[in-house]
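> sequence first, then the predicted structure, then my questions.
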Amino acid sequence: MLAAAPAIDVWQQYHIEMALKRTTVYLDENDLRDLKIAAARRGVSEAEIIREGVRHALLRNRVWDEPVNFPLVSSGDPTFASRTDEILKSMNAEPDTE
């Protein structure tokens with residue numbers, strides 16, 4: 001009979017899969033209080049909110065090595081931009097209202 005593999009805690013498995021590394025973050029009292037409240041309200045760990053915040057900060061501060069080279073297209077119609085709503089309606093499409 002084979003011995004059963006040792007049970008792995010859900011959090012241990014999460015850390016193994018995510019390859020998370022430990023670090024220390026210093027917060028002032030108000031931010032720490034707000035972090036605890038937000039985590040409790042959402043039912044997630046404080047660390048999860050911090051990881052989410054770090055991901056957002058990294059995206060906001062990302063520096064691209066090379067410019068994005070979107071192709072430029074000319075419609076040949078100098079009035080195209082001013083007639084966008086009209087063109088979309090003729091295609092049975094709704095313009096973005098946001």
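Alright, I've got the coordinates.

> residue contacts, V63?
Contacts for V63 (Cβ atoms under 8 Å, 6 or more residues apart in numbering) come out as none. For every residue, glycine as well, the C-beta is placed using N, CA and C.

> convert stretch 20-29 to PDB, retaining C-alpha atoms only.
What follows is stretch 20-29, C-alpha atoms only, in PDB (Å, rounded to 0.1, in the frame of the first residue of the first chain):
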ATOM      1  CA  LEU A  20       5.400  34.400  -4.500                       C
ATOM      2  CA  LYS A  21       8.300  36.000  -2.600                       C
ATOM      3  CA  ARG A  22       8.100  37.600   0.800                       C
ATOM      4  CA  THR A  23       8.800  41.300   1.200                       C
ATOM      5  CA  THR A  24       8.200  44.000   3.800                       C
ATOM      6  CA  VAL A  25       6.000  47.000   3.200                       C
ATOM      7  CA  TYR A  26       5.800  49.900   5.600                       C
ATOM      8  CA  LEU A  27       2.500  51.800   5.900                       C
ATOM      9  CA  ASP A  28       1.400  54.600   8.000                       C
ATOM     10  CA  GLU A  29      -1.300  54.000  10.600                       C
END
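
> so for it, mean pLDDT?
Mean pLDDT, stretch 20-29: 92.

> tell me how far it lies from the chain's centre.
The chain centre lies 20 Å from the centre of stretch 20-29; the measure is Cα atoms, centre = their mean, to the nearest Å.

> next one: stretch 57-66
Per Cα atoms, centre = their mean, the centroid offset for stretch 57-66 relative to its chain is 13 Å.

> would you mark the buried spots in it?
When burial is assessed from 16 or more other Cβ atoms under 10 Å, stretch 57-66 yields no buried residues.

> avg pLDDT for it?
The average pLDDT within stretch 57-66 is 83.

> distance between the ends of that stretch?
From its first residue to its last, stretch 57-66 covers 20 Å (Cα to Cα, to the nearest Å).

> go on, stretch 54-66?
Start-to-end span of stretch 54-66 (Cα to Cα) is 23 Å.

> what does stretch 24-34 give?
In stretch 24-34, first residue to last residue: 18 Å (Cα to Cα).
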